[in-house]
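>>> Give me a model of this one.
(2 chains)
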Amino acid sequence: MVRVRFAPSPTGYLHLGNARTALFNYIYAKHTGGKIVLRIEDTDRERSKKEYEDMLIDDLKWLGIEWDEGPDVGGEYAPYRQSERTEIYKEYVEKLKESGHIYKCFCTPEELEEERKKAMAEGRPPRYSGKCRNLSPEEIKKLEEEGKPYVWRFRVPDGEYIVFEDLIKGTVEINVDEFGDFVIVRSDGSPVYNFVVVVDDALMKITHVIRGEDHLSNTPKQILIYRALGFQEPKFAHLPIILGEDRSKLSKRHGAVSVRAFRDDGYVSEAMFNGLALLGWHPKGDNEVLSKEEIIAEFDIEDVHNAPAVFDRAKLKWLNGVYIREKLDIDDLTRRAVPFFEGFGYRADLEYYKKVMKAIRDSIETLMDIEERAKPFFVDDFHYSEDGKKFLEDENGYKVVQLFYEKIKDMDDITKEDFKKITKEIQKETGIKGKGLFMPIRVALTGETSGVDIATLVEVIGIERVKHRIKRALEYFG
RNA sequence: GCCCCCGUCGUCUAGCCAGGCCUAGGACACCGGCCUUUCACGCCGGCGACACGGGUUCGAAUCCCGUCGGGGGCACCA
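Reported below is the predicted structural model:
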């Protein structure tokens, strides 16, 4: 039984990179019929906040990712918050003490910093020298009596090579001399990340660790801990990281990179899911627009590309447009659009929103575009654009609008067909056609020279508002 | 500085592991055309890449080596 996990730190919004990692874990679990657990890595007390955890969970759910075990749903291997597992960690630290895998190190941060600098200057990897590795019991006793603080370090075997098969990278081989004895327990008694991850993953029976490539160099340290504790090592899969346009790791300075930001910017979750899955993975066929189910069915972790990927905003936007105009059901789409309509101050009932969405869905890429595109359906006292004014300042243009008003002023209802009939009549009577005919009417009704289909607009906003807008234009340009 | 990972159109990628089917396929973006009362949508077309240099081979995007380039990591952060 495959068991994977997603283990974010609640230190901010759900980042695109993390979201992608979560997504691949989820897809892999579903594809293999396995389970996925959500674990909150909140050992960094300074930065971790409960509200961030809630937002993380909210964003994950919005994306369409569900988990079988986690802090909110519980599970066989609870608790799922690292801050609630300190007793467990203590127990395993004891084991390492007993087996002699870790030792006390009294070096001060200043001394270590000094060592690091020196090593770098001499072209050696900046690693701990192993100074306290062989302190005699007497020396240790003395230092402790002096009240000197200490950390516990892992005794890394000299010159050993750690080799593991990464599902994405292939065989990875690292000489442990590169990092030297690393810290397991801080001077305040708290265990360090590399240690708790191993304990948690092992105890939670995680079989596949799928995470970002930035963890690749942590892996040998973790493997050492797995072995020291007698745990079975899981399989590893390191996902290529996501880069910004400048080819550095995607971060806040690349603009909106949180799932929340995209959600707020009018992206729909299905497009996000699809788009994120396409970052480093590609379906067999040419069709890239795939549902969650299709992705799950086709996904294979070994097909993940192994080079870092620059995040393509334009493509995600295009994908979002595809979902808006082709994939989502109109009622569903309308429901999701409501907060946006309201946010723009466009007030109406659901039926009206639906008509508007029907009219504009083909021309928007995000729900944010509703502001511009739906404006004519809601705003009556608009400004006339400079380009637009020309059509009404024109004699023929004004005449067309005048005539149009004559024809509708006694109507108490208007449909698309009525509108077409009327414009046809005007064309016959005046000989004006094409742009010369439609533009003045468009400008009179919307103030702009481009936008939604006028016949549709007229039908949706209704005869009274049409009359009002035409009269207004006639007065304005008369 | 050291270690590790990576290198196909501007971007995401297919092909690479099992060399000929590749005059390298698709998608986004861009450009042009068509459709259309406008803008969009849609449709059609175009532009555009195997980083470089050596091998191996009858034959290399595919295998090997080197160079260059990019990225990640080197914490008492996760």
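>>> Hmm, A:S269 is touching A:W62, no?
Yes - if you go by Cβ atoms under 8 Å, A:S269 and A:W62 touch, sitting 5.4 Å apart. Placement of C-beta: from N, CA and C, glycine included.
>>> quick one, which of the two is more surrounded?
Neighbour totals were compared for A:S269 and A:W62, and A:S269 leads with 19 against 16 (other Cβ atoms under 10 Å).
>>> roughly how far apart are that one and A:T446?
For A:S269, the distance to A:T446 equals 32 Å [Cβ to Cβ, to the nearest Å].
>>> Next: A:P440.
Shown here: A:P440 relative to A:T446, a distance of 11 Å by Cβ to Cβ.
>>> Of the two, which one has the most company?
When A:P440 and A:T446 are compared for neighbours, A:P440 comes out ahead with 27 against 22, by other Cβ under 10 Å.
>>> Tell me the pLDDT of the more buried one.
On pLDDT, A:P440 comes in at 95.
>>> So which helix or strand of chain A has the lowest pLDDT on average?
None of the helices or strands of chain A scores lower by mean pLDDT, DSSP states H and E than helix A:109-121, at a mean of 78.
>>> quick check, that one touching RNA strand B?
Yes - residues of helix A:109-121 are located near RNA strand B by Cβ under 7 Å from any atom of the strand, namely A:109, A:112, A:116, A:120.
>>> Quick one: neighbours of the third one, just the number.
For A:R116, the count of nearby residues is 16 (other Cβ under 10 Å).
>>> what's the answer for A:Y398, then?
For A:Y398, the neighbour count with other Cβ under 10 Å is 18.
>>> Please give the element, helix or strand, for it.
Element membership for A:Y398, per DSSP states H and E: helix A:395-408.
>>> now check that helix, is it near RNA strand B?
No - contact between helix A:395-408 and RNA strand B is absent, the nearest approach being 11.6 Å (criterion: Cβ under 7 Å from any atom of the strand).
>>> Next, the buried residues of that helix.
Buried residues in helix A:395-408, counted by 16 or more other Cβ atoms under 10 Å: A:397-398, A:400-405, A:407-408.
>>> Spatially, what comes nearest to the residue located most distally from the centre of chain A if we skip its sequence neighbours?
Distance from the centre of chain A peaks at A:E429, with 57.3 Å (Cα atoms, centre = their mean). What sits nearest to A:E429 in space, not counting adjacent residues and going by Cβ to Cβ, 6 or more residues apart in numbering, is A:L403, at 6.9 Å.
>>> Spit out the contact partners of the one you found.
By Cβ atoms under 8 Å, 6 or more residues apart in numbering, A:L403 lies in contact with A:426, A:429-430.
>>> Distance check, A:P308 against A:G170.
A:P308 is 16 Å from A:G170, where distance means Cβ to Cβ.
>>> neighbour-wise, which of these two wins?
Between A:P308 and A:G170, counted using other Cβ under 10 Å, the more crowded position is A:P308 (16 against 9).
>>> Just give the number of residues close to the nearest residue to that one once chain neighbours are set aside.
Nearest non-adjacent residue to A:P308, counting by Cβ to Cβ, 6+ apart: A:P240, 4.7 Å away. When neighbours are defined as other Cβ under 10 Å, A:P240 has 18 of them.
>>> Could you do the one 3 residues further on as well?
Summarising burial for A:L243: neighbours were counted as other Cβ under 10 Å, giving 18.
>>> ok, now A:S83?
Number of residues near A:S83 (other Cβ under 10 Å) recorded here: 15.
>>> repeat for the one 10 residues further on
Residues near A:V93, counting by other Cβ under 10 Å, number 19.
>>> What are the boundaries of the strands in the stretch 151-300 of chain A?
Applying DSSP state E, counting those that start in this stretch to the stretch 151-300 of chain A gives strands spanning A:151-154, A:161-166, A:170-175, A:183-185, A:208-212, A:235-239, A:242-243.
>>> Out of those strands, flag the one nearest RNA strand B.
Proximity to RNA strand B (Cβ to the nearest atom of the strand) singles out strand A:183-185 among the strands of the stretch 151-300 of chain A, at 3.6 Å.
>>> Show me the contact partners of the closest one.
By Cβ under 8 Å, 6+ apart, the surrounding residues in contact with strand A:183-185 are A:93, A:96, A:102, A:105, A:151-154, A:191-192, A:194-195, A:225.
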